[in-house]
Every structure is written in C-alpha cells, then in structure tokens.
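Visitor: sequence unavailable; structure follows:
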C-alpha cells in the first residue's frame, strides 16, 4: 500500500493539546499498514492483538508505539515496547513479534522509521560523538525510554505526513530530529557504535549487509571474517554478541524467512522457494523450516494465507 491510501486531512493544524493518538487516527482511520517512500516510514494500526508470535525480519529501524504495546522475542529474550518505550534495531534481526494490547476502541498504533545509515553517520559526526575507548560489541537491539523531546518530534512528524510536500521536506527534518534524540539518549552509544568505520560493530554490520545480499549463495564463515578483517574466533564472538546467534544460525534464519516470503507473497511452491534461497535438498529445507517456524511449509503457508 502506498501514500494514496492515507487520509490527506491536514493534521498539522491540530492544536498542540491533541494527543499523538488523535493525530495518528486522522491519518489511519482504519486497521491497516501503510508504507511511505518519503520520508521512509511505515504506519501501523491494528484493532486487535495477535494470537501467536509472527516471525519477521526488520531492517535497521526505530519503532515507536503511540498506543498499545508489542513484544519482540530474540533468542529467548523478550523486548516490550509501548508508548513509554521505543525499540531500536541497528542490524536486521530475525524476531518473533506479537501485539499485546489492542482493541477496536483503543487500537494499536505505531510508526516504524527505517534508519538511513548515511544520515546516522552524518549526525554522529555533527554531534562530535566518539566511540567507546573500550572495544566491545553492542547488541543490535535495545529498548529505551521515550522522553518529551521524542514525543514533540513525533507530533511534528505526524503533522507533516498528511501533506506530501511537507512530508518530503519537513518530514525528513523531523526524522533527523528523532534520530538525534535517540543518539543523545541513555542507550544512544549502542546505535552510535554502528556508525564508526573500522570498528567491530561497524564491521559486523557490514558483514550482515553482505549476508542480506548473498544469502542464497554458499557463504563461509571464514569469508565473512575476512571481510570484517577479524579472525574467525573473534568474528564469531562479536557476531553473536550483536545478533544473539552464530553466523551459521543467522544465515539459516535469513534464508528461511526469505523462503517464507516467497511462498506467501509470490506463491512459490516449497521446493521452488527452497532452491531460490540456496537449499539443494527440499527435504532438508522442510525439516529446518518446521524446526524454525513450528510447522511444515505447506501447513504454515496455508494458515498464513487464510488469515
């Protein structure tokens, strides 16, 4: 879905006393997910909770919940984000997500903003941010508390979205403002660390980018370690600290998620999806798919298409 599905009412004219939820509902009067190319954000509204966890891989993003709450599970650790806490992903990670609070009277409302790595780097340089003296790997996911500055920036962003011209120009400035406040927040160093070149966090992020582009090929850990300019043991250790999984497990998760998208959205058969993401054995693919998603491909896809 694109910009045309959004109600073009000028919510920017709303009084300052109006809540973020009221502004949001002017934009999305019904339950749906709307992606905007400019300024590269996604608006989400759900009028009900999800009954079970949904596997998803988000690109690096900042996820603000305006109303309701959501849970993201990664390697057994549960990250809860709501109107008081936002989620940040500095690298793509395979999550299992669930909307915890939502009703028709009080729907779940959220804004997902993809992180522009060039903008992130520029902001770090402009704010004279310096890397930690101690070399360490920061997790690629964290939850942090929403402050008044962030809510003010979100209000301005929502006000611009209803007008395409304002969204293209002022919306981008509001996003830069939001990213600035995240970097200045108590856990901003975790995000800032991924902007420093020739450092471990940046190198792991670059290796993850390579995996994202080449997961259907045969990728060796030694190859990834060389690209990151690390020994295999150091690479494995840093990679797991950031992603909560080994490089092999991560590649497998990326392949299985891609295969699932192929089957659900492109209507691939299970065998075609398996070959498309790099599996040479359909039976191995089916075993690993069932172990990962909890059901064989045919059953899982059928359940998803029925919903």
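Guide: Thanks, I have the structure now. Small disclaimer: the values here were computed from a predicted structure and weren't measured.

Visitor: show me the contacts for the spatially most central residue of the chain.
Guide: Taking C-alpha atoms, centre = their mean, the centroid of the chain lies closest to residue 58, which sits 3.0 Å from it. Neighbouring residues of residue 58 by C-beta atoms under 8 Å, 6 or more residues apart in numbering: 89, 92, 93, 95, 112. Placement of C-beta: from N, CA and C, glycine included.

Visitor: go through those and flag which are in strands.
Guide: 89, 93, 95, 112 (DSSP state E).

Visitor: pLDDT value on the residue nearest to the centre of the chain, please?
Guide: If you check residue 58, the pLDDT there is 88.

Visitor: next, give phi and psi for it.
Guide: With angles defined as degrees, to the nearest 10, residue 58 sits at phi -90, psi 140.

Visitor: list the beta-bridge partners for it.
Guide: As for beta bridges, residue 58 partners with residue 93 under DSSP bridges.

Visitor: tell me the spacing between it and residue 164.
Guide: Counting by C-beta to C-beta, to the nearest Å, the gap from residue 58 to residue 164 is 25 Å.

Visitor: ok, now residue 83?
Guide: 27 Å.

Visitor: over to residue 192?
Guide: Taking C-beta to C-beta, one finds residue 192 at 32 Å from residue 164.

Visitor: ok, residue 98 next?
Guide: Going from residue 98 to residue 164 by C-beta to C-beta gives 33 Å.

Visitor: again, but for residue 296
Guide: Taking C-beta to C-beta, one finds residue 296 at 45 Å from residue 164.

Visitor: residue 262 now?
Guide: 33 Å.

Visitor: quick one, which of the two is more surrounded?
Guide: Each of residue 262 and residue 164 has its neighbours counted (other C-beta atoms under 10 Å); residue 262 has more, 19 against 16.

Visitor: which one is residue 212 nearest to, not counting chain neighbours?
Guide: Using C-beta to C-beta, 6 or more residues apart in numbering and skipping the chain neighbours, the partner closest in space to residue 212 is residue 92 (6.2 Å).

Visitor: and residue 42, helix, strand or coil?
Guide: strand (DSSP: H, G, I helix; E, B strand; the rest coil).

Visitor: repeat that for residue 105.
Guide: Under three-state DSSP, residue 105 comes out as coil.

Visitor: what about it, neighbour count?
Guide: Neighbours of residue 105 under the rule other C-beta under 10 Å: 6.

Visitor: skip the chain neighbours and tell me the closest residue to residue 34.
Guide: Nearest to residue 34 is residue 43, by C-beta to C-beta, 6+ apart, at 4.8 Å.

Visitor: now do residue 71
Guide: Nearest to residue 71 is residue 98, by C-beta to C-beta, 6+ apart, at 4.9 Å.

Visitor: what about that neighbour, how many residues close to it?
Guide: The number of residues packed near residue 98 is 17, by other C-beta under 10 Å.

Visitor: thinking it is in contact with residue 50, fair?
Guide: Yes - using C-beta atoms under 8 Å, residue 98 is in contact with residue 50, at 4.9 Å.

Visitor: what average pLDDT does the longest helix along the chain get?
Guide: Counting by DSSP state H, the longest helix found in the chain is helix 164-184. Mean per-residue pLDDT for helix 164-184: 92.
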